[in-house]
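S.K.: Give me the fold of what follows.
(one chain, ligands or ions: 1)
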Amino acid sequence: MSDPLDLEALIGPGALGYFAGGAGSEITLRDNLASWSRYALHPRVLVDVSERDLGTTLLGRYRPHPVVVAPMAYQKHAHEVGELGTAEAAARTESLYVLSSQTTTSPPDVARAMEAVAPGSDRWFQLYVFRDRAVSHDLVVQARESGYEALVITVDFPVAGWRERDRRTGFTVEHPVALNPSGPPLTTEQLFAMHDPSLTWDDIGEFADAAGMPVVLKGILRPDDAERAVDSGAAGIIVSNHGGRQLDTTLSGIDALVPIAQAVGGSVDLLVDGGVTRGWDVAKALALGADAVLIGRHLLWGLARGGAQGAEDVLRQVLAELDSTLALLGCPAAADLDASYVGPRAVG
Ligand SMILES: Cc1cc2nc3c(=O)[nH]c(=O)nc-3n(C[C@H](O)[C@H](O)[C@H](O)COP(=O)(O)O)c2cc1C
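M.R.: Numbers count the residues shown, from 1 in each chain. Predicted coordinates for the structure are as follows:
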């Protein structure tokens, strides 16, 4: 087959469609990947780059690098180790880990696994607000009690995107610990129907008050929503189109970041995702105003291929590429990347 990783043979057509697919005609899914090459890097020469620092600051704390593991649901369908694999990879590479609320491993189990690898490792918890609010509140308590540092509330999922691959394959999900720990497998449509489509800014305030930890809003693409997020007390914003899985033909994350950074940059932490596969993508995001970058599917393919080690290999490669990019750009500190290092690429 044409796929060199033969992922379909590895995880089956249903899981592959779920993980790889996007919404609608998948225009945004493809554009997320293409968008990074619309920006060109502008290297500066004759700078001493013998010492390099990939570090960034998030929620007021220094982090050794800006690469974050994106929250992704149902990871046991990619590899039997599931979330424990990506979480251990994050702990081994000092990467901030974001656990999905549609996890197939409980938040305390993930926390224990990370602590066993690297005491003090960084993790945030991603929250979907379900129609059954008690399920969401219970998840927040579990997360807080097991040392998750921030609550990432995903705000771009009032209903599921129009996902034709799942409709075709009829993919069913097992073991989402919060929603259906021991029940029969559910279709993604049944699971997504549990999301609360009536969620508004008022509810965000209520969850933020009850969270007892900083709140980051994930899935913002408009500057006016970014301003509203800041006004509502969010400590961070993740500029994201959900990996092209929600509304087709939106802006890519990196294209949406630029006006959002102009509107709220400096007053809140800004993260971006969508189609990140390379260290130079990360450098472009930082130069355009992001403080950190989330990686989704690129890491999942590492997990599917090689469990925790496969995911770790992916993270290590992206970090090595970022290090090399800083040297070649003549900007030895990632925190010093600014708009002078990037511009639009001439098309032609
Ligand atoms: C299989 C899969 C499951 C996902 N599950 C969640 C989720 O549970 N919560 C969430 O906020 N985002 C979820 N996302 C979106 C990711 O957090 C992230 O925004 C996106 O994958 C980034 O794009 P990339 O995959 O091109 O890197 C999921 C993405 C994928 C591919």
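S.K.: quick one: contacts for the nearest residue to residue 38 once chain neighbours are set aside?
M.R.: Counting by C-beta to C-beta, 6 or more residues apart in numbering, residue 38 lies nearest to residue 345, which is 5.6 Å off, once chain neighbours are set aside. Just so you know, the C-beta spots here come from the backbone N, C-alpha and C atoms, and that holds for glycine as well. Residue 345 is in contact with 37-40, counting by C-beta atoms under 8 Å, 6 or more residues apart in numbering.
S.K.: what's around residue 332, how many residues?
M.R.: Using other C-beta atoms under 10 Å, residue 332 is surrounded by 17 other residues.
S.K.: Confirm for me that it is in contact with residue 44.
M.R.: No - if you go by C-beta atoms under 8 Å, residue 332 and residue 44 don't touch, sitting 10.6 Å apart.
S.K.: Dump the contacts of residue 345 to a markdown table, plus neighbour count, distance to the ligand and secondary structure.
M.R.: As requested, the contacts of residue 345 are exported to a markdown table (neighbours: other C-beta atoms under 10 Å; distance: C-beta to the nearest ligand atom, whole Å; DSSP: H, G, I helix; E, B strand; the rest coil):
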| residue | neighbour count | distance to the ligand | secondary structure |
| --- | --- | --- | --- |
| 37 | 13 | 14 | helix |
| 38 | 14 | 16 | helix |
| 39 | 22 | 16 | strand |
| 40 | 12 | 21 | strand |
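S.K.: May I see those arranged in a markdown table, with pLDDT and distance to residue 274 as well?
M.R.: Shown next, in a markdown table, are these (pLDDT from 0 to 100; distance: C-beta to C-beta, whole Å):
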| residue | pLDDT | distance to residue 274 |
| --- | --- | --- |
| 37 | 96 | 13 |
| 38 | 96 | 13 |
| 39 | 97 | 13 |
| 40 | 98 | 19 |
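S.K.: and which of those residues is nearest to residue 82?
M.R.: Nearest to residue 82 out of the contacts of residue 345 is residue 37 (C-beta to C-beta; 32.5 Å).
S.K.: what's the closest non-adjacent residue to the closest one?
M.R.: Once flanking residues are discounted, residue 37 sits nearest to residue 345: 6.7 Å by C-beta to C-beta, 6+ apart.
S.K.: Low-confidence stretches in this structure?
M.R.: 1-5, 175, 348 (pLDDT under 70).
S.K.: and the gap between the residue most central in space within it and residue 280?
M.R.: The centre of the chain sits closest to residue 70, judged by C-alpha atoms, centre = their mean, with a distance of 2.5 Å. As judged by C-beta to C-beta, to the nearest Å, residue 70 and residue 280 stand 19 Å apart.
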